[in-house]
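Visitor: Sequence and predicted structure are below.
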Amino acid sequence: EDKVVQSPLSLVVHEGDTVTLNCSYEVTNFRSLLWYKQEKKAPTFLFMLTSSGIEKKSGRLSSILDKKELFSILNITATQTGDSAIYLCAVGRSNYQLIWGAGTKLIIKP
Amino acid sequence: NAGVTQTPKFQVLKTGQSMTLQCAQDMNHNSMYWYRQDPGMGLRLIYYSASEGTTDKGEVPNGYNVSRLNKREFSLRLESAAPSQTSVYFCASRDISTDTQYFGPGTRLTVL
């Protein structure tokens, strides 16, 4: 059965800390891995990864995929209170579906 | 562009009542999706439509029906609501070139 597992489920850090969120997967017909940020409403897209070892960056956020070991990490440096959110990982299959992890709830304390 | 829109934003139903959640997208995407999100369980796929004229069951289709009215619109119907269907419902559409799904603002549904 296809599955996407995120860890940790929740994380509390202080402003300025660096955090690493993990996403491991076992999915047939892998196409892509996506990261989303969900604050109070709908998930918003962060990154899409398809190739191993190529880092994607956007400001203080970065992500990388390892297709051999079947995982991805999302790094956030110099965290701010506005980074508090649920971070969702999803893996795209060739049949149009995304398989979603349960998310990591990140809380940044001032 | 409005992106993905959903109506209503909130709804309270009594057990056994029916309702339809509406979704529309203006990004010319072929694929559209309905999810439910419950605390601690992430997003679960109810139904999806790979293209206009087709619909398929997802992970949790029981108690729901869908209609892909045209390329823009994809509705979700609860024929006889149950308390277990209390959830937040998201509609999404997919950009096939990037696999990215874009989400509507969600409908918070409570079934009493």
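Guide: Done, it's in. Numbers count the residues shown, from 1 in each chain, chains lettered A, B, ... in the order given.
Visitor: Distance of A:Pro110 relative to A:Thr104?
Guide: 20 Å (CB to CB, to the nearest Å). In short, each C-beta sits where N, CA and C put it, glycine included.
Visitor: Show me what the helix or strand of chain A with the lowest mean pLDDT pairs with in its sheet, parallel or antiparallel.
Guide: Every helix and strand in chain A was compared by mean pLDDT, DSSP states H and E; the lowest is strand A:98-100, with a mean of 90. If you go by DSSP bridges, strand A:98-100 pairs up with strand A:85-93 (antiparallel).
Visitor: Contacts for stretch B:49-61, please.
Guide: Stretch B:49-61 has contacts (CB atoms under 8 Å, 6 or more residues apart in numbering or on different chains) with A:96-97, B:30-34, B:36, B:44-48, B:66-68, B:70-71, B:74.
Visitor: Drop anything exposed from those residues.
Guide: A:96-97, B:31-34, B:36, B:45-48, B:66, B:68, B:71, B:74 (16 or more other CB atoms under 10 Å in any protein chain shown).
Visitor: which of the residues you listed lies closest to A:Ser52?
Guide: A:Gln97 (22.1 Å; CB to CB).
Visitor: about what we covered before: with neighbour numbers in mind, choose between A:Pro110 and A:Thr104.
Guide: Each of A:Pro110 and A:Thr104 has its neighbours counted (other CB atoms under 10 Å in any protein chain shown); A:Thr104 has more, 21 against 7.
Visitor: Give me every residue in chain A lying close to chain B.
Guide: A:31-32, A:34, A:41-45, A:48, A:88, A:90, A:92, A:96-98, A:100-103 (CB under 8 Å from any CB of the partner chain).
Visitor: ok, now with 7 Å
Guide: Contact residues (CB under 7 Å from any CB of the partner chain) of chain A with chain B: A:31-32, A:34, A:41-43, A:45, A:48, A:88, A:92, A:96-98, A:100-103.
Visitor: Now the buried members of those residues.
Guide: Applying 16+ other CB under 10 Å to those flags A:31-32, A:34, A:42-43, A:45, A:48, A:88, A:92, A:96-98, A:100-103 as buried.
Visitor: Check what pLDDT the residue of chain B most remote from its centre gets.
Guide: In chain B, the residue that sits farthest from the middle, by CA atoms, centre = their mean, is B:Ser97; the gap is 21.8 Å. Here, the pLDDT recorded for B:Ser97 equals 80.
Visitor: Now do the same for it: helix, strand or coil?
Guide: coil (DSSP: H, G, I helix; E, B strand; the rest coil).
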